[in-house]
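Colleague: generate a structure from the sequence data that follows.
(2 chains)
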Amino acid sequence: MSNALSLAWRTLVRRPRRLVLFVAGVTVAAAVLLDMVMLAAGLQRSLSDLLEATGYQVRVVPKGLLPFESGAALRDSRALADAFAADDRVAESIPFWGQTVYVSRPERSDRPIAAFGYGAPAGAAPALRIDDGRTVESSGEIIVDDNLAERLGLAVGDSVLVGVDPDPAVGALRRRRIARVSGVANFTFSAEGTYNVGLVIDDMWAMAGSESEPAALLLVRVHREADAYDVAREFRGRFDNVDVYAIPEIIEAAGDRLSYFQQLSLVLGTVSLGVAFLLVTTLLTLSVNERWGEIAALRALGVTRGRMLTQVAWQGLLISVAGTLVGLCVGLVVARYLDRILTDFPGLPADVSFFVLQGGDLATVVSLLVGTGLLAGLYPAWRAASVNISMVLREEIE
Amino acid sequence: MLYAIPFLLLLAAAGRAASQTDEPLPELLLEQRTARVLSVTPGDTVWISGLDSDERPFVVAGTYRRPADPSTVTLRDYRAILHLPDLQELLGVGDRVDRFSVRLRPGASPEAVIAEIDRLAFGADAFPSETVASATSETFRVVSRFHRALAGITITGSAVFLLCLVVLKIEERRLEGAAMRDVGISRRTLFLWTFSETLAMAAVGTGVGLGVGWAGSGLVNLYFRGVYDTTMAFAKVTPDLAVLAAIIGLATGTVVGIIAGLQMVRTRSTRLRQP
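Modeller: Numbers count the residues shown, from 1 in each chain, chains lettered A, B, ... in the order given. Next up, the predicted model:
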């Protein structure tokens, strides 16, 4: 085998320019393939990681919708959360609500700034990474994101005016209250350049003047030993007008919204594999044609068919491996560039990525390309192995 | 005046008896998907409530298909259209609206009107239609940038592929080229021969590619229209786009043809004959 490999290598490097060109071709194909494999499931993986990071494994949402897909809300969410919490497998169940609120410094007459307000029970800190201070632990407190803290010059302990329903004529908030900043945090689901605040959900309900205790969703944490799938499945159908999802089920439900990227990945990934196949087959077929006489002579000297076949197959493998190795590096660079473009989508959480690399991706790309290289080498290898020795040698002499 | 309500409403099951009053029930339009989920048709009664209001009966006056709007096509929320006073009464929000659309008389200056609104209504912002359109079309600008980047990668890959094919072709014809040089065929003719052949290959490839692209766009539309239940066109091969693709394909062929032609004529005839 080492002889066949060595001969395959020397045959390839005999024409270095051609070799470089073909490796470049496979490199482009490998880079595109890696990017498409990363893109195919990247957004789902990224969203899944974000959802897992909240520490709540089950979501309860209005029927037929995904979290925050519309302004629809669950009524009497506290009672609903209590019903879930009564289950032995549930460690915690909290209502979570979001709506636009307006924030300003009480001592200034500036127009209030519109921010996305999240409401959760006191002490809960879902979807938050606290940079300074602590989460809201009692009514009258507010936690703000870095953007808003910088814009209004806020620090822990400062007071802000927060409210809803601005008067279109004078800009004053019709329903408002003073809140003390308990902390500054990074909101996991906040989009780039937006302002976000967290309040105790009772304060949000009071400001909105809502008595039905609405929530966009319930966040449910199950005990370590419990299975989130089982909990979701058992609660599904127990309540009218709600859907219950474990995190992977939400990602699956969101799948058809993201099918564009999956389809695109499938098409471009298949095309790149096809290109790699054609390149390797073409190169090896030409190489065999050029060495027709040489191959016949070697066969006449006693080199077996199997050995000839192995040698040509090695050539295909070497080109594929070389192109794949370079292509993986190029693919990672291109993926970062494409990810920077796509993460500019307005309203997307800042921590979301479209191109997410997992160990399995590299294995998939390498095995696909190496397999393609081997397959592509089959036809030329068969031609080399089945050369008609006497006829070719006679033609060469003539 | 009609008003869309994508939020805050709960649509109850149809078929319940409406309260006995002489007044006709208010009407609404249901989006087709919403009507399908509720199994209602025009003439049926549906019950609707806001978060903090009691259920009220409405008569389904008709159904409508959601406009083919790229910004909402992937949403699966349920929608209905009510008369504005009915909606305000249902939600208990008095005379409140989310926004106004203002149509100006011919000749009126949008800037002057916006300045006047901003001066009078301190709590409201007024924007020209272009600004609103620009802000809401950011998503499509991102998609467009992504597609351009992919196009760049595809073009690079195609160029390398074409170059590989041409280089192979030239190497295959070394003897033929040497013989032509020996019988007096000029370098210029050799160059033009190689160049035109490459260009022809690129032209045929471009033509076939356009055909595949046109057929592909049909398949893409067929598939995604089914997925998203819309009439929207997801892919379109416009004449401008076809011309651009043809120009890029031929330009790539031209560059590769020049490289291939130069490679052919720069090799000496004695070298060309070497095995």
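Colleague: kindly report the residues of the stretch 1-150 of chain B close to chain A.
Modeller: Applying CB under 8 Å from any CB of the partner chain, we find that the stretch 1-150 of chain B lies next to chain A at B:6-10, B:37, B:51-52, B:74-78, B:120-124, B:138-139, B:142, B:145-146, B:149-150. Quick note: C-beta positions are derived from backbone N, CA and C, even for glycine.
Colleague: check contacts around A:Pro126.
Modeller: A:54-56, A:94, A:96, A:120, A:219 (CB atoms under 8 Å, 6 or more residues apart in numbering or on different chains).
Colleague: can you check the pLDDT for the nearest residue to it once chain neighbours are set aside?
Modeller: Among residues not flanking A:Pro126 along the chain, A:Thr54 sits closest, at 4.8 Å (CB to CB, 6 or more residues apart in numbering or on different chains). With respect to pLDDT, A:Thr54 scores 87.
Colleague: show me what contacts A:Thr54?
Modeller: A:126-127, A:188, A:219.
Colleague: can you give me the strands for the stretch 1-150 of chain B?
Modeller: Along the stretch 1-150 of chain B, counting by DSSP state E, counting those that start in this stretch, strands occupy B:2-4, B:10-11, B:27-31, B:45-49, B:56-64, B:80-83.
Colleague: could you do the stretch 101-250 of chain A as well?
Modeller: Counting by DSSP E, counting those that start in this stretch, residue ranges of the strands within the stretch 101-250 of chain A are A:113-120, A:128-133, A:141-145, A:159-166, A:173-187, A:196-200, A:217-222, A:242-246.
Colleague: could the strands of the stretch 1-150 of chain B go into a markdown table alongside mean pLDDT?
Modeller: Formatted as a markdown table, the strands of the stretch 1-150 of chain B follow (pLDDT from 0 to 100):
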| stretch | mean pLDDT |
| --- | --- |
| strand B:2-4 | 38 |
| strand B:10-11 | 44 |
| strand B:27-31 | 94 |
| strand B:45-49 | 91 |
| strand B:56-64 | 94 |
| strand B:80-83 | 93 |
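Colleague: what does the stretch 151-275 of chain B put close to chain A?
Modeller: Within reach of chain A by CB under 8 Å from any CB, the stretch 151-275 of chain B has these residues: B:153-154, B:156-157, B:160-161, B:163-165, B:167-168, B:171-172, B:220, B:223-224, B:227.
Colleague: just to revisit the earlier point, make CSV out of the strands of the stretch 1-150 of chain B and add distance to B:Ala251.
Modeller: Output for the strands of the stretch 1-150 of chain B, formatted as CSV (distance: least, CB to CB, whole Å):
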stretch, distance to B:Ala251
strand B:2-4, 47
strand B:10-11, 56
strand B:27-31, 47
strand B:45-49, 59
strand B:56-64, 47
strand B:80-83, 50
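Colleague: looking at those strands, which is nearest to A:Val288?
Modeller: Closest approach to A:Val288 among the strands of the stretch 1-150 of chain B is made by strand B:27-31 (62.7 Å; CB to CB).
Colleague: buried stuff in that closest one?
Modeller: Neighbour counts over strand B:27-31 (16 or more other CB atoms under 10 Å in any protein chain shown) mark B:28-31 as buried.
Colleague: show me the contacts for the residue of the stretch 101-250 of chain B found nearest chain A.
Modeller: The stretch 101-250 of chain B approaches chain A most closely through B:Gly123 (3.5 Å), counting by CB to the nearest CB. By CB under 8 Å, 6+ apart, the residues touching B:Gly123 are A:111, A:166-172.
Colleague: of the residues you listed, which pair is most distant in space?
Modeller: Longest span within those, CB to CB: A:Arg111 and A:Ala169, 13.0 Å.
Colleague: between the two, which contacts overlap?
Modeller: Shared contacts of A:Arg111 and A:Ala169, defined by CB under 8 Å, 6+ apart, are found at B:122-123.
Colleague: which one's more surrounded, these two?
Modeller: Taking other CB atoms under 10 Å in any protein chain shown, A:Arg111 and A:Ala169 do not tie; A:Arg111 has more neighbours (14 against 11).
Colleague: surely the more buried one meets A:Gly171?
Modeller: Yes: using CB atoms under 8 Å, A:Arg111 and A:Gly171 qualify as a contacting pair, with a distance of 5.4 Å.
Colleague: just give me the neighbour total for residue 149.
Modeller: Unless you meant another one, I'm taking chain A. Neighbours of A:Ala149 under the rule other CB under 10 Å: 21.
Colleague: let's do chain B instead
Modeller: Look at B:Ala149: counted by other CB under 10 Å, it has 16 neighbours.
Colleague: ok, now A:Gly237?
Modeller: By the criterion of other CB under 10 Å, A:Gly237 has 10 neighbours.
Colleague: how close does it sit to chain B?
Modeller: Counting by CB to the nearest CB, to the nearest Å, the gap from A:Gly237 to chain B is 16 Å.
Colleague: next: A:Val288.
Modeller: A:Val288 is 12 Å from chain B, where distance means CB to the nearest CB.
Colleague: my read is that that residue contacts A:Arg383, right?
Modeller: Yes: assessed by CB under 8 Å, A:Val288 is found in contact with A:Arg383 at 5.3 Å.
Colleague: what does stretch A:150-161 rub up against?
Modeller: Contact with stretch A:150-161 is made by A:103-106, A:112-113, A:132-133, A:142, A:144, A:148-149, A:173, A:176-184, A:195, as judged by CB under 8 Å, 6+ apart.
Colleague: one more pass at 6 Å, please.
Modeller: A:103-106, A:132-133, A:144, A:176, A:178-181 (CB atoms under 6 Å, 6 or more residues apart in numbering or on different chains).
Colleague: average model confidence for it?
Modeller: Across stretch A:150-161, the average pLDDT comes to 94.
Colleague: now stretch B:188-198
Modeller: For stretch B:188-198, the mean per-residue pLDDT is 89.
Colleague: dump it to PDB, restricted to CA.
Modeller: Only the C-alpha atoms of stretch B:188-198 are listed here, as PDB (Å, rounded to 0.1, in the frame of the first residue of the first chain):
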ATOM      1  CA  ARG B 188      -2.400  34.600 -32.500                       C
ATOM      2  CA  THR B 189      -4.500  32.000 -34.100                       C
ATOM      3  CA  LEU B 190      -3.700  29.500 -31.400                       C
ATOM      4  CA  PHE B 191      -4.600  32.100 -28.800                       C
ATOM      5  CA  LEU B 192      -7.900  32.900 -30.500                       C
ATOM      6  CA  TRP B 193      -8.700  29.200 -30.900                       C
ATOM      7  CA  THR B 194      -8.200  28.500 -27.200                       C
ATOM      8  CA  PHE B 195      -9.900  31.700 -26.200                       C
ATOM      9  CA  SER B 196     -13.000  31.300 -28.300                       C
ATOM     10  CA  GLU B 197     -13.400  27.700 -27.300                       C
ATOM     11  CA  THR B 198     -13.300  28.700 -23.600                       C
END
